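J.: kindly return the folded structure for what I paste below:
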Amino acid sequence: MTESDLPVVQLTPGRWGDPAQPVDVPEAALAALQHLGVRRPVTAEQKEPPADGRVPEALADLLGAEHVKVDGETRWAHTRGYSTPDLLRFRAGDQSDMPEAVVYPGSHDDVLRLLELCTELGLAVVPYAGGTSVVGGLAPTRPFVAVDLRRLDQLSELDEISRTARLQAGMRGTAAEAALAARGYTLGHFPQSYEGASIGGYAATRSSGQSSAGYGRFDQMVVGLTVATPRGTVELGRAPMSAAGPDLRQLWLGSEGALGIITSVVVRTRPRPVERFFEGWRFGSFAQGLDAVRRLAQDGPLPTVLRLSDEAETAVNLADPDVLGAASGVQVVVGFEGTATAVRRAAVAEVLAAAGGECLGEGPGETWRKGRYRPPYLRDPLLDEGALVETLETAGFWSKLPALKTAVTEALTNSLGAQGTPPLVLCHVSHVYETGASLYFTVVCAQSADPIHQWRQAKAAASTAIAAAGGTITHHHGVGTDHRDAYAAEVGALAIESLRAVKRVVDPGNVLNPGILLPEA
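T.: Model prediction:
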């Protein structure tokens, strides 16, 4: 099975993934959790079901009563995202941040009229499709309606000469990939949220998929986009590149719904690969592995997938936790897609061997490929056991990466250790560039009596360490509320003032996801 064959997963509120595909924590992992002091919590009492809401009749008049929902179940299903604090608040029955209503526009013009009406009513709006934000991107600072874009779910145009496709924003990633595959093409964008995330979400957060070494980030794939704002439509992307002023596409890519609602994008596509091959390589240390992947990123050839796990992540092996502790050193996974992969494999192998790598064959690569979407499914059963499990990510230039990794690891270890819950901190590199790469951290420890405060303290320490070590506050998760203040500090007051000026023009009523991306004035 390839990504093109995966079904759309309707995520369960407060729990990741397909409820028909539960995942149990392996026995080896349970034993390891005991060493971290993890204990299964006492089951909480049943929470009150969410109440129905009320919504201005004008919304129903605009879209039709059947496309406006105020029942408690629908509102609850559109509350917050899937960060660990989000899930913990779900488990606690915290009904704050619920939308007043959920509306389902069926066209770009519907979205335009909706934004005009909400501006008149002073009602905030939050675009919603997959709902997979992990940085507080779906909880604005005042009452709001969730604008569920699921009806905008079409591959509306495929230009086979230019190899571009127009995809509506509410289309889920799996559905888009299947539609393109039926015509012989692929988008090649496979983030770990792939089973649940949407095309609009990819664009609004500058998503990066696990095949980014070969296909690029999603913002690199976008050649055009259509945005609805309270002031009207923005249509960008007349040509693949242009010298006609600044590239304004980049203003809305990563804007997280604060400057408009992206209703469709035009993206680059590629022929569906006829060959796929994945293999593993072993290096003695993270430093040695980092040098090897840097050589590939800077001098080539680049495989489609290039992923380096540190010593701790290699030992844990999130793709197959049943073999906990079986591996030593660090592991690099390389994947090849397309045609004539044997030639590229041989060239990559020459570079990795020269850097001191040992080829482990197809086994580790195939294990990773088949298990790549498993780790998020493990989080809920780990939370059930009393573990705190969360992730964060950053990026930096190659020269700064070793110190950046050390600084973040120490910040997390010291913060959580001081709270009486010493953690296991894992790290990997999965997105590489000529000048640098990403670092993605996974943290596991015992939950304290207040796990939300526990993580916020640790995340604040890690964010401070990232800034001090010269990294960016986020590489692909986005800003949301979690990174809002750190983002402002990173880009500076003048840059934030410039973005606020744009927001005042396109959103004079400040109804677009207020408090997300930009600090409140």
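J.: okay, now the unreliable bits of the stretch 401-521 of the chain?
T.: 521 (pLDDT under 70).
J.: where do the helices sit along it?
T.: 401-418, 451-468, 484-491, 493-506 (DSSP state H, counting those that start in this stretch).
J.: pLDDT weak spots in this protein?
T.: Short version for the chain, where the test is pLDDT under 70: 1-4, 6, 43-46, 318-327, 521.
J.: residue contacts, the spatially most central residue of it?
T.: The chain has residue 477 as the residue nearest its centroid, 4.5 Å off, counting by CA atoms, centre = their mean. By CB atoms under 8 Å, 6 or more residues apart in numbering, residue 477 lies in contact with 134, 135, 205, 392, 393, 483. Heads up, the C-betas are built off the backbone N, CA and C, glycines and all.
J.: ok, it to residue 148 distance?
T.: 22 Å (CB to CB, to the nearest Å).
J.: test my guess that residue 5 contacts residue 178.
T.: Yes - Residue 5 lies in contact with residue 178 (CB atoms under 8 Å); the separation is 7.5 Å.
J.: tell me, how many neighbours does the residue nearest to residue 390 when sequence neighbours are not counted end up with?
T.: Spatial nearest neighbour of residue 390, excluding adjacent residues (CB to CB, 6 or more residues apart in numbering): residue 84 at 4.2 Å. By the criterion of other CB atoms under 10 Å, residue 84 has 21 neighbours.
J.: and what of residue 169?
T.: Considering only other CB under 10 Å, residue 169 is surrounded by 28 other residues.
J.: hang on, it packs against residue 264?
T.: Yes - using CB under 8 Å, residue 169 is in contact with residue 264, at 5.9 Å.
J.: now residue 520, nearest residue through space, not along the chain?
T.: With CB to CB, 6+ apart, the residue lying closest to residue 520 is residue 141, at 6.5 Å.
J.: same deal with residue 417?
T.: Leaving aside its sequence neighbours, residue 417 is closest to residue 423 (7.4 Å, by CB to CB, 6+ apart).
J.: wait, doesn't the one you found sit right on residue 413?
T.: Yes - between residue 423 and residue 413 a contact is recorded at 6.2 Å, counting by CB under 8 Å.
J.: between these two, which has more neighbouring residues?
T.: Neighbours were counted for residue 423 and for residue 413 using other CB under 10 Å; residue 423 has more, 24 against 18.
J.: would you mind measuring from that one to residue 312?
T.: From residue 423 to residue 312 the distance is 10 Å (CB to CB).
J.: look at residue 52 and say how many residues are nearby.
T.: Residue 52: 14 neighbours (other CB under 10 Å).
J.: wait, is it part of a helix?
T.: No - according to DSSP: H, G, I helix; E, B strand; the rest coil, the state of residue 52 is coil, so it is not within a helix.
J.: now do the contacts for it.
T.: Applying CB under 8 Å, 6+ apart, the residues contacting residue 52 are 70, 71, 72, 75.
J.: most neighbours among these, which one?
T.: Ranking the contacts of residue 52 using other CB under 10 Å puts residue 75 first, with 23 neighbours.
J.: quick one: that one and residue 49 touch, right?
T.: No - using CB under 8 Å, residue 75 makes no contact with residue 49, being 10.9 Å away.
J.: now tabulate the helices of the stretch 401-521 of the chain in CSV and tack on distance to residue 428.
T.: As requested, these are exported to CSV (distance: least, CB to CB, whole Å):
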stretch, distance to residue 428
helix 401-418, 10
helix 451-468, 16
helix 484-491, 22
helix 493-506, 30
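J.: closest to residue 342 out of these?
T.: helix 401-418 (31.3 Å; CB to CB).
J.: hmm, back to that, in CSV: the contacts of residue 52, plus distance to residue 493.
T.: Listed next are the contacts of residue 52 as CSV, based on distance: CB to CB, whole Å:
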residue, distance to residue 493
70, 40
71, 44
72, 42
75, 37
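J.: take the residues you listed and keep only those in strands.
T.: The members of these all map outside strands under DSSP state E.
J.: and which of those residues is nearest residue 18?
T.: residue 75 (22.3 Å).
J.: quick check: the closest one vs residue 177, distance?
T.: 30 Å.
J.: and what of residue 356?
T.: 37 Å.
J.: swap in residue 187?
T.: For residue 187, the distance to residue 177 - CB to CB - is 6 Å.
J.: what does residue 480 give?
T.: Going from residue 480 to residue 177 by CB to CB gives 26 Å.
J.: grab the nearest non-local neighbour of residue 204.
T.: Using CB to CB, 6+ apart, the nearest residue to residue 204 is residue 256, at 5.2 Å.
J.: which residues does the one you found contact?
T.: By CB under 8 Å, 6+ apart, residue 256 lies in contact with 137, 204, 205, 478, 479, 480, 513, 516, 517.
J.: would you verify that it is located in a helix?
T.: No - under three-state DSSP, residue 256 falls outside any helix and is assigned coil.
J.: how much space separates it from residue 203?
T.: 10 Å.
J.: residue 370 belongs to a strand, doesn't it?
T.: No - the assignment for residue 370 is helix, going by three-state DSSP, so no strand is present there.
J.: what about it, neighbour count?
T.: Count around residue 370 with other CB under 10 Å applied: 13.
J.: relative to residue 477, how far out is it?
T.: Taken as CB to CB, the span from residue 370 to residue 477 is 25 Å.
J.: bridged to the closest residue in space to residue 393 that isn't next to it in sequence, which residues?
T.: Leaving aside its chain neighbours, residue 393 sits nearest to residue 440 (4.4 Å; criterion: CB to CB, 6+ apart). Per DSSP bridges, the residues bridged to residue 440 are residue 393, residue 428.
J.: tell me how many other residues surround residue 440.
T.: 22.
J.: is it true that it touches residue 391?
T.: Yes - applying CB under 8 Å as the test, residue 440 and residue 391 come out as touching, 6.7 Å apart.
J.: which of the residues in stretch 14-34 are buried?
T.: Under the neighbour-count criterion of 16 or more other CB atoms under 10 Å, stretch 14-34 has 14, 15, 16, 17, 23, 25, 29, 30, 32, 33 buried.
J.: ok, the fourth one - contacts?
T.: Read it as residue 17. Contact analysis of residue 17 by CB under 8 Å, 6+ apart lists 9, 11, 23, 195, 196, 376, 377, 380.
J.: what's the farthest-apart pair in those residues?
T.: 23 and 196 (15.2 Å).
J.: so residue 393 sits right up against residue 441, yeah?
T.: Yes - between residue 393 and residue 441 there is a contact at 6.8 Å, judged by CB under 8 Å.
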